[in-house]
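1. structure, please.
(one chain, ligands or ions: 3)
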Amino acid sequence: MPQFTHLTAPTDGAPITRQADALVVPDRPILPFIEGDGIGADIWRASVRVFDAAVQKAYGGSRQVVWFEVLAGEKAFNTVNEWLPADTLTAFREYLVGIKGPLTTPVGGGIRSLNVALRQELDLYTCLRPVRYFNGMETPVKRPDLVDMVIFRENTEDIYAGIEFAEGTPEVEQLKQLLKSAFPKPYGKIRFPDSVGLGIKPVSREGTERLVRAAIEYSIANKRKSLTLVHKGNIMKFTEGAFRDWGYELAKREFGAVEFDGGPWCKLPGGLVIKDVIADAFLQQILTRPSEYDVIATLNLNGDYISDALAAQVGGIGIAPGGNINYATGHAVFEATHGTAPKYANLDKVNPGSVILSGEMMFRFLGWPEAADLIIHGLEKAIDAKTVTYDLARLIKGSTEVSCSKFGDAVISHM
Ligand SMILES: NC(=O)C1=CN([C@@H]2O[C@H](COP(=O)(O)OP(=O)(O)OC[C@H]3O[C@@H](n4cnc5c(N)ncnc54)[C@H](OP(=O)(O)O)[C@@H]3O)[C@@H](O)[C@H]2O)C=CC1
Ligand SMILES: O=C(O)CCC(=O)C(=O)O
Ligand SMILES: [Mg+2]
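-> Ligands and ions are numbered 1, 2, ... in the order given. So this is what the prediction gives:
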């Protein structure tokens, strides 16, 4: 039984455990959730009703989630005077799988991202973000139906590690002195050394390999056609360029990939093509030739940009789900791609679709596909019936705009 300082664990239900590399999910699993800041309360309220209805309909009462609210962000700060209490990390560690709403990160100063901290503390090295088209959706592009991509975003390294030194501080002066004496040539390339802030971008072989391995395994298991390594390796040679090289090396060493047409593109014995593209070219090609891309493996910052850009192609970040996963330990925290959209907080207005679909991913991860299928079905039919929240109503001609909670009702009624 986990020990908490502020929280009281549910006495009902049982924890998910892991045996022989597989999750063991009881019929009444305890799942921790963070409501989230801003629009978090609205979208969680709508989503949890959808989750409970799907589980009830799929299993007729023989299975039920025991939800366990844990705190982070403003709610945690206002309650226990901490942004990310140790209890919350303990809960996600002990119960293995959970779900969260968005958490605010101030721009510039202030606290560092709690979302990133959770991913790093729990070593959730894959940010998995599938992007697909729903029938009836109208979007800014002509052929949104050609978009069917799954992003594997590296989630623990890159500039998100937060190794930064602010301009004018003793720390940045110390680093500048170090660089000046040890690496005078690169230091000389800093255009304005007197007023510079510095950031460090760590990208490792180990971090790259575990991400690319997970992406290849997913591609094989889901019979996908290609895996593209997206990078800016022409400019950042030893981080982004190395990501590409290590990815190809892993595909050859562990999966028997063989180069074709003179390389570096290669193919696995089962036909999966491993290729790469430079990130700026990729961002125009997903608009002009989306059918050429399938599974994507990329670094943290590229993955952040790409997930919002691709979401826009199929209807926006209101329906963009995700999961932060460590495939080795089984730990996973599912969450929407979008943030706290503060101007819409407590208006019961925004689209809960991203959290609903993140829950769908969670149930599939737990091995409850019947509940996941009902959620997808309900959401597909609600969109097809043109019963949508404001964001999709802006796009879909002749649609009926409903509130966040009413959209949840619509998903349930179409299950
Ligand atoms: N994982 C997380 O918890 C994340 C947290 N954040 C944090 O969120 C805060 C706000 O970030 P911001 O850059 O404004 O990005 P947001 O994703 O919060 O919002 C940007 C815009 O996206 C649209 N949008 C977002 N969510 C929804 C939804 N559920 N339904 C419909 N439309 C939606 C709205 O568009 P419109 O104005 O057109 O209606 C909104 O104004 C920041 O502190 C940021 O750090 C950001 C991303 C992820
Ligand atoms: O942590 C944040 O505030 C932003 C994170 C983000 O944009 C993302 O993970 O997509
Ligand atoms: Mg983002």
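2. tell me the residues of this protein that contact ligand 2?
-> With C-beta under 6 Å from any ligand atom as the criterion, the chain meets ligand 2 at residues 105, 113, 115-116, 304, 337, 339. The way it works is simple: take the backbone N, C-alpha and C, and place the C-beta from them, glycine included.
3. just the residues you listed now: which is nearest residue 234?
-> residue 304 (20.0 Å; C-beta to C-beta).
4. so the closest residue to the closest one other than its chain neighbours bridges to which residues?
-> Among residues not flanking residue 304 along the chain, residue 153 sits closest, at 7.0 Å (C-beta to C-beta, 6 or more residues apart in numbering). Judged by DSSP bridges, the bridge partners of residue 153 are residue 127, residue 298.
5. show me which of the residues of the chain next to ligand 2 are buried.
-> 105, 115-116, 304, 337, 339 (16 or more other C-beta atoms under 10 Å).
6. least confident pick among the residues you listed?
-> For those, the weakest pLDDT value sits at residue 105, with 93.
7. that residue and residue 350, how far apart?
-> Applying C-beta to C-beta, to the nearest Å, the value for residue 105 to residue 350 is 18 Å.
8. shaky segments in the chain?
-> Within the chain, the set of residues satisfying pLDDT under 70 is empty.
9. can you point out the buried residues in stretch 389-406?
-> Going by 16+ other C-beta under 10 Å, stretch 389-406 has these buried residues: 389-393, 396, 399, 401-406.
10. biggest separation within those residues, which pair?
-> Using C-beta to C-beta, the buried residues of stretch 389-406 span at most 19.6 Å, a distance reached by 396 and 405.
11. ok, for the residue in the stretch 301-415 of the chain that ligand 1 sits nearest to, nearest residue in space, not its chain neighbours?
-> Proximity of the stretch 301-415 of the chain to ligand 1 (C-beta to the nearest ligand atom) peaks at residue 339, 2.2 Å away. What sits nearest to residue 339 in space, not counting adjacent residues and going by C-beta to C-beta, 6+ apart, is residue 102, at 4.7 Å.
12. would you agree the residue of the stretch 301-415 of the chain closest to ligand 1 is in contact with residue 38?
-> Yes - with contacts counted by C-beta atoms under 8 Å, residue 339 reaches residue 38, the gap being 7.3 Å.
13. extract the C-alpha trace of the biggest helix by length in the chain and format it as CSV.
-> Assignment by DSSP state H gives helix 40-59 as the longest helix of the chain. Extracted as CSV, the C-alpha positions of helix 40-59 are listed here (Å, rounded to 0.1, in the frame of the first residue of the first chain):
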residue,chain,number,x,y,z
GLY,A,40,-8.9,21.2,-17.2
ALA,A,41,-12.0,21.0,-14.8
ASP,A,42,-14.5,21.3,-17.7
ILE,A,43,-12.9,18.8,-20.0
TRP,A,44,-12.2,16.3,-17.2
ARG,A,45,-15.9,16.5,-16.0
ALA,A,46,-17.1,15.7,-19.5
SER,A,47,-14.5,13.0,-20.2
VAL,A,48,-14.8,10.9,-17.0
ARG,A,49,-18.5,10.5,-17.7
VAL,A,50,-17.6,9.1,-21.2
PHE,A,51,-15.0,6.8,-19.7
ASP,A,52,-17.4,5.4,-17.0
ALA,A,53,-20.2,5.0,-19.6
ALA,A,54,-18.0,3.1,-22.0
VAL,A,55,-16.7,0.7,-19.3
GLN,A,56,-20.2,0.1,-18.0
LYS,A,57,-21.5,-0.6,-21.5
ALA,A,58,-18.6,-2.8,-22.5
TYR,A,59,-18.5,-4.9,-19.4
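14. partners of whatever helix or strand comes next after that helix, with directions?
-> Later in the chain than helix 40-59, the nearest helix or strand by DSSP states H and E is strand 66-69. Note on strand 66-69: by DSSP bridges, its sheet partners are strand 30-34 (parallel).
15. now the strand it pairs with against helix 40-59, angle please.
-> Our comparison of strand 30-34 with helix 40-59, counting by axes from the mean of the first three to the mean of the last three C-alpha atoms, to 10 degrees, yields an angle of 160 degrees.
16. need the contact partners of strand 30-34.
-> Here strand 30-34 makes contact (C-beta atoms under 8 Å, 6 or more residues apart in numbering) with 9-10, 13-16, 40, 44, 48, 65-73, 88, 91-92, 95, 97-101, 103, 362.
17. so that strand, near ligand 1 or not?
-> No - applying C-beta under 6 Å from any ligand atom, one finds strand 30-34 separated from ligand 1 by no less than 9.2 Å.
18. buried stuff in that strand?
-> 30-34.
19. picking up where we left off before, for the longest helix of the chain, packing partners?
-> If contacts are counted by 3 or more C-beta pairs under 8 Å, 6 or more residues apart in numbering; DSSP states H and E, helix 40-59 sits against strand 30-34, helix 353-366, helix 369-384, helix 404-413.
20. mind listing what's buried along it?
-> Of the residues in helix 40-59, 40-44, 46-51, 53-56, 58 count as buried by neighbour count, 16+ other C-beta under 10 Å.
21. out of the residues you listed, which comes closest to ligand 1?
-> For the buried residues of helix 40-59, the minimum distance to ligand 1 (C-beta to the nearest ligand atom) is 5.9 Å, reached by residue 43.
22. ok, that closest one touching residue 347?
-> No - between residue 43 and residue 347 there is no contact under C-beta under 8 Å: 11.3 Å.
23. tell me, what's touching the two both at once?
-> Common neighbours of residue 43 and residue 347 (C-beta under 8 Å, 6+ apart) do not exist.
24. how's the protein carved up into domains?
-> Residue ranges for the structural domains of the chain, counted by the TED database, are given in the record as 1-126+320-414, 139-152+202-314, 164-199.
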